Structures are given as C-alpha cells and as structure tokens.
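[1] how does the following fold in three dimensions:
(chains A and B)
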Amino acid sequence: GENVEQHPSTLSVQEGDSAVIKCTYSDSASNYFPWYKQELGKGPQLIIDIRSNVGEKKDQRIAVTLNKTAKHFSLHITETQPEDSAVYFCAASPITGGGNKLTFGTGTQLKVEL
Amino acid sequence: NAGVTQTPKFRVLKTGQSMTLLCAQDMNHEYMYWYRQDPGMGLRLIHYSVGEGTTAKGEVPDGYNVSRLKKQNFLLGLESAAPSQTSVYFCASSWTRQLSGNTIYFGEGSWLTVV
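    As a prediction, the model looks like this:
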C-alpha cells in the first residue's frame, strides 16, 4: 500500500518568512495530493490540492509543487502570519474506484513567531 | 451550514464497555469515512462507505464496526473498548469522484478515552 513520509515534524518561522513542508510517497499509482490544515481542537480542513497532470498550483500565499518522477510534493507558504500556526498534513491517493482512500503523512506543527 | 457533525465530542469509557459514535452530514455526500488520529501517526482510515447500505474496511478496522443505514449517517461502534482505542476519531464525507473530485470534509472530532 501507499506510504507517505512528511518532514519536518515541527517548523518554527518568523512572521513574514516562508515555510516549506515536504512529503514523499511510495505508490506510483497515486495521482491526487491534498494538503490539510488542522487548528487546535478542530478537524482537518483542505487548503490546497494538486493532481498529477499539474506540476505546480498556487492560491494566494500558498503553493504546492509536485515531482512525480521523484515521488515528492511540497507545500510553500509565503509571508507567514500568526494565523498560519497549525498542524499541516499532506496526503496521497489514487483516483480509482472504491472510495477516496487517502494516506496521510504524520503532520508538521508550524509555529509562526512574532 | 452544519457540514459534518459528530456526537459525542468527548467520552470516557471503561475497558470492555461498548459505545457508538454518530456522524451526520448534510451535504448529500455519497462517501463517508471514519479516521482515527494518534500522536505522531497522522490520520488512519478505520472504515468507509461508498453509499447507503455499503461499508468497507480501511487500514485499521480491527475492534470497530460500522453501519450506513441512511445516506446522511455513518455510525462507528466499539463492541468491547480497549485502552489502545483511546484516540481522537474523525468522521468525513465526500462526493463521488465523478461529480466534483476528491475533496473530503472532516467533522470536528470525538475525543475518546478508554480507562
């Protein structure tokens, strides 16, 4: 089955700096890669996703890049703000029948310091 | 907009007791899921359903049962709770892939402690 590794497990940046979180996956059949943000005491919320026919996707201060050859994808947050502090999860799944069986990474605790 | 609602939010069980977690979604989603979240292990899929009356095993199904009698509800049962089932449980739902892709919406979580 799929195995997703995520690094780093904790990340501390100064407000205004950029943050980068990296994930690798093992199953070459995976072609959907979402990123979730989880605030304390809340459920994960989708912030951006990318499909394998696209190498990069951007949404305001958030961008995701995908390298299918190397089987890795990354989340980039620019001009970080205190409200970006949360746990971020990457995930991967094949777009096939039988349900969206996402495999999640172990999460990155991002802390944006003033 | 309620989205995905889980009850109860907090529960303490004694070893061997049984309980049911209820999940309800008001988005008319076909697919529903139960995940558990443990420190350092991310989210792991317990069971899922691709439509009313259907269920399937996920990555960590042992010790749990599920039912999807109504499209909007997905129940997770623990028949004989064990301390290893202490965790945060998340219900989620999504459209069928054909309609609008793979976006999965999560509930707020249910904190379960087994003593």
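[2] name the nearest residue to residue B:65, sequence neighbours excluded.
    residue B:77 (4.6 Å; Cβ to Cβ, 6 or more residues apart in numbering or on different chains). C-beta: built from backbone N, CA, C; applies to glycine.
[3] so that neighbour: helix, strand or coil?
    Secondary structure state of residue B:77, per DSSP: H, G, I helix; E, B strand; the rest coil, is strand.
[4] what's the pLDDT at it?
    pLDDT recorded at residue B:77 is 98.
[5] thought residue B:52 was touching residue B:70, still the case?
    Yes. Using Cβ atoms under 8 Å, residue B:70 makes contact with residue B:52 at a distance of 6.5 Å.
[6] those two: which is more packed in?
    Between residue B:70 and residue B:52, counting by other Cβ atoms under 10 Å in any protein chain shown, residue B:52 is the more crowded of the two (14 against 11).
[7] sec struct for the more buried one, please.
    Applying three-state DSSP: residue B:52 is coil.
[8] how about the contacts made by it?
    The contact partners of residue B:52, by Cβ atoms under 8 Å, 6 or more residues apart in numbering or on different chains, come to B:68, B:69, B:70, B:71.
[9] what does chain B have sitting close to chain A?
    With Cβ under 8 Å from any Cβ of the partner chain as the criterion, chain B meets chain A at residues B:4, B:31, B:33, B:40-45, B:48-50, B:56, B:58-59, B:90, B:92, B:94, B:97, B:102-109.
[10] at 6 Å what do you get?
    Proximity of chain B to chain A (Cβ under 6 Å from any Cβ of the partner chain) is limited to residues B:31, B:40, B:42-43, B:48, B:50, B:90, B:94, B:102-104, B:106-109.
[11] give the buried subset of these as a PyMOL selection command.
    To isolate the buried ones among the residues of chain B next to chain A in PyMOL, judged by 16 or more other Cβ atoms under 10 Å in any protein chain shown, type:
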select buried, chain B and resi 31+42+43+48+50+90+94+102+104+106+107+109
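[12] what bridges to the closest residue to chain A within chain B?
    Nearest residue of chain B to chain A: residue B:106, at 3.5 Å (Cβ to the nearest Cβ). When assigned by DSSP bridges, residue B:106 has beta-bridge partners residue B:92.
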